[in-house]
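Peer 1: Could you look at this predicted model? Sequence included:
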Amino acid sequence: MSLRDLINREIIKTDANESVGGVARMMRHFKIGSVFVEEAGDYIGIVTESDLVRKVVTQELSVKTPVAKVMCAPIIQIDIEQSVIDANHLMRFNEIRHLGISEKGKLVGMLSVRDIVRFFSTDTGGPMKEIGEVFKPLEVLVRRNILTIPASASSKEAAQKMEEKKVGSLFVMEGDHYSGIVTESDIVHKVIGYDLSPSSIPVGVVMNTPIIDVDITSSVQTAIELMSQKRIRHLAVSENRNIIGILSIRDLIGLISVRDLPRFFSKK
């Protein structure tokens with residue numbers, strides 16, 4: 001399948017002078033993780049949830065800061081005739097979750113990591129089937145080093161830890177048990193998007209609860225389908241009903257990417 005069959009042609013965009021607070025409100029309203037930045041009719045960059053968390057919250061920038069100061073530029077693009085697997089490789093190598101889709105050199109749409117996961121979860125004859133035949137349980141993928149933060153910690157502290165550890169989520173602790181999970185999306189949609197102070201909003205207020213988990217004996221296909229259905233990028237892994245680790249979308253699509261590397265490089 002080419003990207004022509006998967007492209008999202010409804011590009012959500014904003015002016016380069018728009019404030020980061022305004023962009024956060026757009027992300028919350030449209031339930032998206034990125035906004036393209038336009039100037040004089042051209043797309044000059046892209047701003048993502050990660051940009052707002054890691055460049056705005058951690059550096060204590062004002063929500064009135066122009067989005068052009070925190071956007072990523074230029075936009076990384078892929079041609080519309082290339083495959084979903086090729087897009088997956090490009091995202092993984094560049095450590096991004098959003099790609100511009102171009103046709104005859106012109107940006108005509110975008111693709112997110114969620115689009116790729118949704119495709120892989122429904123493509124019964126594709127790479128997920130091959131991987132499922134090799135990796136039955138999730139044991140090989142689960143990351144057991146669980147990063148946590150107290151429920152009383154501020155959203156700013158959560159953002160700082162996410163930046164330090166280069167992760168997009170943290171488990172929230174109340175006493176000695178996991179009470180929820182806080183993500184970049186939570187900080188953007190529930191804090192910045194309402195012009196609230198990250199320093200004064202505890203993560204216990206904005207976290208997601210209950211924690212969605214998958215049993216460690218489940219298949220890779222089950223995990224990716226659950227992420228697609230729940231529209232989440234992070235999934236707790238449990239064993240005997242106890243949380244023992246975490247999976248991210250990047251872990252799953254990374255496995256697909258590694259399996260396809262011989263074909264990918266043979267095309268170069």
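Peer 2: Arrived safely. Residues are numbered from 1 along each chain as shown.
Peer 1: just the helices in the stretch 51-200 of the chain please.
Peer 2: Along the stretch 51-200 of the chain, counting by DSSP state H, counting those that start in this stretch, helices occupy 84-94, 113-122, 127-134, 155-165, 184-190.
Peer 1: Ok, which of those comes nearest residue 24?
Peer 2: Proximity to residue 24 (C-beta to C-beta) singles out helix 184-190 among those, at 5.1 Å. All C-beta spots, glycine's among them, are computed from the backbone N, C-alpha and C.
Peer 1: Could you name the helices and strands sitting against the following helix or strand past that closest one?
Peer 2: The C-terminal neighbour of helix 184-190 among helices and strands, as given by DSSP states H and E, is helix 203-206. Helix 203-206 is packed against helix 155-165, strand 169-174, strand 177-183, helix 184-190, with contacts defined by 3 or more C-beta pairs under 8 Å, 6 or more residues apart in numbering; DSSP states H and E.
Peer 1: which regions of this structure sit below the pLDDT cut-off?
Peer 2: Per-residue confidence of the chain (counting by pLDDT under 70) places the weak regions at 1, 123-137, 256-268.
Peer 1: Pop the domain breakdown of it in here.
Peer 2: The chain resolves into domains spanning 3-122, 148-254 when parsed by automatic domain parsing.
Peer 1: how about the CA coordinates for stretch 149-157, as CSV?
Peer 2: As requested, the backbone C-alpha atoms of stretch 149-157 are provided in CSV (Å, rounded to 0.1, in the frame of the first residue of the first chain):
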residue,chain,number,x,y,z
ILE,A,149,6.7,10.6,39.4
PRO,A,150,4.7,11.4,42.5
ALA,A,151,1.1,12.5,42.1
SER,A,152,1.9,15.7,44.0
ALA,A,153,4.7,16.7,41.6
SER,A,154,4.0,19.6,39.3
SER,A,155,3.4,19.3,35.6
LYS,A,156,6.6,21.3,35.1
GLU,A,157,8.5,18.7,37.0
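Peer 1: Quick one: residues in contact with it.
Peer 2: Counting by C-beta atoms under 8 Å, 6 or more residues apart in numbering, the neighbours of stretch 149-157 from elsewhere in the structure are 57-58, 60, 158, 161, 170-174, 179-180, 182, 187, 191, 198-204, 206-207.
Peer 1: Would you mind listing the buried residues in it?
Peer 2: Buried positions in stretch 149-157, judged by neighbour count with 16 or more other C-beta atoms under 10 Å: 149, 151, 153, 154, 155, 156, 157.
Peer 1: what's the answer for stretch 223-232, then?
Peer 2: 223, 224, 225, 226, 227, 228, 232.
Peer 1: Return the set of residues that bridge with the nearest residue to residue 170 once chain neighbours are set aside.
Peer 2: Residue nearest to residue 170 in three dimensions, not counting chain neighbours: residue 149, with 4.6 Å by C-beta to C-beta, 6 or more residues apart in numbering. Beta-bridge pairing of residue 149 under DSSP bridges involves residue 172.
Peer 1: Tell me how far residue 149 lies from residue 36.
Peer 2: Between residue 149 and residue 36 the distance is 31 Å, computed by C-beta to C-beta, to the nearest Å.
Peer 1: cool, residue 238 as well?
Peer 2: Distance, residue 238 to residue 36, using C-beta to C-beta: 38 Å.
Peer 1: follow-up on the earlier one: deepest in the core, which of the helices and strands packed on helix 203-206 is it.
Peer 2: Highest mean neighbour count among the helices and strands packed on helix 203-206 (mean count of other C-beta atoms under 10 Å): helix 184-190, with a mean of 23.
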